[in-house]
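[1] dropping a prediction and its sequence here:
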Amino acid sequence: MNWLNNLKQKSPKQRFLFILGLLIFCFYLVLAYLVTFWDDFPLEVAMTRRRIFGGLLVLYASFRFYRLIKKDEE
């Protein structure tokens, strides 16, 4: 919870960018979930490729979250 205390000490611009980063992280996770588990997906893509793409989106979201937290600790 150290990052929560740091959030209170940051400038409004830094807080906004941190919260925006969290929203983008959540967006990628939701997108990965939709691509992987949506039965009536509007594009004709094989389920295997959808799962691979969903997994890549989860990995990318995790990478972005890691960078966001590392940048916030500095």
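    Structure's in. What do you need? Being a predicted model, the structure only gives us computed values, none of them experimental.

[2] can you classify Phe41 by secondary structure?
    At Phe41 the chain is in coil, as set by DSSP: H, G, I helix; E, B strand; the rest coil.

[3] was I right about it contacting Arg50?
    Yes. Contact status for Phe41 versus Arg50: in contact at 6.7 Å, counting by CB atoms under 8 Å. For every residue, glycine as well, the C-beta is placed using N, CA and C.

[4] any shared contact partners between the two?
    Common contacts of Phe41 and Arg50, defined by CB atoms under 8 Å, 6 or more residues apart in numbering, comprise Val35.

[5] hey, where'd the helices end up in this structure?
    For the chain, the helices defined by DSSP state H occupy 2-9, 12-37, 47-73.

[6] residues of the second one that come out buried?
    Counting neighbours by 16 or more other CB atoms under 10 Å, one finds that the buried residues in helix 12-37 are 18, 21, 25, 28-29, 31-32, 35-36.

[7] before we move on, what about the longest one?
    Neighbour counts over helix 47-73 (16+ other CB under 10 Å) mark 50, 54, 57-58, 61, 65, 68, 72 as buried.

[8] relative to helix 12-37, how tilted is that helix?
    Orientation check (axes from the mean of the first three to the mean of the last three CA atoms, to 10 degrees): helix 47-73 against helix 12-37 gives 160 degrees.
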